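Engineer: just to be clear, the model below is a prediction. Sequence and coordinates:
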Amino acid sequence: MDSKSFVAVCFSDLAGQVRGHGVPRAGLRDLYQRGLPWPTDRAALTVFGEAVDTPWPDDEGLCVHPDPNAEVTINFGGEAQTESFVLGTIQTSDHKNWAGCTRSFLQATLDTLKSEFGLDVSCTYEHQFSLDGKERVGSSAMSLSALRREREFASTLATVLENAGITLVRFGAGVGDRQFTATTEAKFGVSAADGAVIFRQLVHATAEQLGQRCSFAPQSSSSSDPNQIILGVDLFDDGDQVTHDSTQANGVSATLGSFLAGVLRHLPALTALTRPSIVPMANGVSDGDLNIGATAKNSWDRFPIVINPAFRTANANIRDYGFAFTQADATACPYLQLGALLCAGLQGLREALPTPGADALGGTATGAVNGHCDHGEHPGDLAEALTALGEDQVFAKPFPNGMLEAYTSVKQAELVTASRLSPAELGEWSQEIY
């Protein structure tokens with residue numbers, strides 16, 4: 001769609017898919033007030049496009065209300081055609097937040113964290129994706145040669161991101177064959193998750209423009225190294241960072257310590273929302289471990305939370321981010337992903353849980369958390385994670401009425417459909433949809 005004529009009004013749904021309709025640009029201003037009508041019987045779709053039953057009324061009128069602060073134009077520069085889309089929230093016909101809107105859920109969670117503890121959240125994303133289209137021979141993990149072969153893609157993507165107002169902090173080849181990793185600048189609140197949604201769309205658009213194919217699917221067809229999403233999260237109180245305390249062990253403040261303890265305690269259920277892949281794959285994650293100071297890739301794979309003191313600003317007592325959460329991938333809706341993480345951390349703050357303990361060994365700490373994983377062992381697949389989610393009452397209250405029920409129905413329906421596909425078919429489909 002030509003950005004001068006049309007704009008796509010979109011939202012990220014329970015299945016983590018960006019859905020929407022194109023509208024004439026001339027009518028966009030009116031939509032900011034009245035919203036774009038959306039069919040109620042398509043309120044909950046699986047990644048296969050199948051509609052599932054929801055606990056919400058069938059006659060409830062829904063509208064997608066675009067946010068002018070989340071409008072993006074995909075501009076490749078030169079004479080290339082551009083396109084535009086805008087993210088929004090879903091409301092009922094009487095202008096109330098709809099219980100199934102993932103963006104509204106994240107905002108409500110951020111508001112709760114602010115009202116109860118006075119905290120704001122900053123988040124940066126490290127995205128990993130696979131890029132096909134150029135001939136390669138052998139492994140070139142994190143090499144300059146791999147980056148050089150994709151100089152056109154990298155330079156085009158940098159232009160597209162800059163034109164869209166997204167700052168790229170780092171881009172390079174990943175560990176896996178044909179895998180690349182990109183880190184974007186941290187943003188506060190809902191804008192952080194908006195940025196994650198937008199970034200993926202821009203990467204896909206750039207690949208298509210250059211006649212290539214990219215995928216954020218966790219399990220790449222060309223590499224045994226999974227594609228992850230790593231969230232770098234920090235907490236602020238009235239503009240002051242509250243995650244670092246030089247007087248505490250490993251520099252972890254009591255506030256951050258309680259937050260992390262909540263995340264680790266509820267990790268089994270949390271993964272149903274942060275990495276809900278229906279493609280079977282080994283996760284290799286130890287149950288509820290915290291890693292202080294490690295930088296090797298196997299640390300990112302093994303530990304749910306990593307704190308790296310090597311990342312410092314000019315002030316030696318302040319980190320670039322409070323912690324990195326590694327148990328996430330692009331099969332999740334970014335709003336649910338970040339919102340669920342905050343819900344678990346919030347519970348840790350409410351209970352004033354003690355900071356996770358760690359025994360330092362050669363600069364790497366791998367200690368177990370006091371009372372970690374109270375709700376079962378780390379799930380081996382999505383079905384087990386959904387069971388843990390249903391049994392962990394911490395997630396029942398903060399989610400809007402019916403959202404977890406609908407989310408579970410969507411994921412269970414995806415598992416049923418996936419069971420009818422061969423591993424090869426499921427893998428190929430995953431590459432295409434993500």
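Structural biologist: Ah, there it is. Residues are numbered from 1 along each chain as shown.
Engineer: OK, contacts around the residue nearest the centre of the chain?
Structural biologist: Among the residues of the chain, the one closest to the centroid is residue 334, at 3.6 Å (Cα atoms, centre = their mean). By Cβ atoms under 8 Å, 6 or more residues apart in numbering, the contact set of residue 334 is 12, 16, 193, 196-197. C-beta here means a position set from N, CA and C on the backbone, and glycine is covered the same way.
Engineer: now, those that are in helices?
Structural biologist: 193, 196-197 (DSSP state H).
Engineer: thinking again about what came up before, mind putting the contacts of residue 334 in JSON lines, neighbour count included?
Structural biologist: Formatted as JSON lines, the contacts of residue 334 follow (neighbours: other Cβ atoms under 10 Å):
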{"residue": "12", "neighbour count": "25"}
{"residue": "16", "neighbour count": "24"}
{"residue": "193", "neighbour count": "27"}
{"residue": "196", "neighbour count": "25"}
{"residue": "197", "neighbour count": "23"}
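Engineer: save the ones in helices among the contacts of residue 334 as JSON lines, and put in distance to residue 258 and pLDDT too.
Structural biologist: Converted to JSON lines, the ones in helices among the contacts of residue 334 look like this (distance: Cβ to Cβ, whole Å; pLDDT from 0 to 100):
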{"residue": "193", "distance to residue 258": "23", "pLDDT": "97"}
{"residue": "196", "distance to residue 258": "26", "pLDDT": "96"}
{"residue": "197", "distance to residue 258": "30", "pLDDT": "97"}
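Engineer: quick revisit: from the contacts of residue 334, which two are the most distant?
Structural biologist: 16 and 193 (11.4 Å; Cβ to Cβ).
Engineer: what's the burial count for residue 53?
Structural biologist: Counted with other Cβ atoms under 10 Å, the neighbours of residue 53 add up to 12.
Engineer: one more: residue 19?
Structural biologist: 16.
Engineer: how does this protein divide into domains?
Structural biologist: 6-99, 106-433 (automatic domain parsing).
Engineer: so which of those is the most surrounded?
Structural biologist: Sort the domains of the chain by mean neighbour count, taking mean count of other Cβ atoms under 10 Å, and domain 106-433 sits at the top with a mean of 19.
Engineer: not counting sequence-adjacent ones, nearest residue to residue 105?
Structural biologist: residue 339 (5.3 Å; Cβ to Cβ, 6 or more residues apart in numbering).
Engineer: dump the residue contacts of residue 418.
Structural biologist: When contacts are counted by Cβ under 8 Å, 6+ apart, residue 418 touches 278-279, 426.
Engineer: show me where this structure has helices.
Structural biologist: 28-34, 102-117, 144-149, 151-163, 190-209, 254-265, 267-274, 297-302, 334-350, 382-391, 403-419, 423-433.
Engineer: figure out which of these is closest to residue 45.
Structural biologist: With Cβ to Cβ as the yardstick, what comes closest out of the helices of the chain is helix 403-419 (7.4 Å).
Engineer: hey, what's the angle from that closest one to helix 382-391? Just curious.
Structural biologist: With axes from the mean of the first three to the mean of the last three Cα atoms, to 10 degrees applied, the angle from helix 403-419 to helix 382-391 works out at 160 degrees.
Engineer: could you check the pLDDT of residue 376?
Structural biologist: Listed pLDDT for residue 376 reads 49.
Engineer: again, but for residue 278
Structural biologist: Value for residue 278, per-residue pLDDT: 91.
Engineer: for it, give me its contacts.
Structural biologist: Contact partners of residue 278, counting by Cβ under 8 Å, 6+ apart, are 47, 331, 382, 411, 414-415, 418, 426, 430.
Engineer: one more: residue 406?
Structural biologist: Residue 406 neighbours (Cβ under 8 Å, 6+ apart): 14, 43-44, 52, 54-56, 100.
Engineer: for the closest residue to residue 28 other than its chain neighbours, which residues make a bridge with it?
Structural biologist: Of all residues not flanking residue 28 in the chain, residue 7 sits nearest, at 5.3 Å (Cβ to Cβ, 6+ apart). Residue 7 has these beta-bridge partners by DSSP bridges: residue 23.
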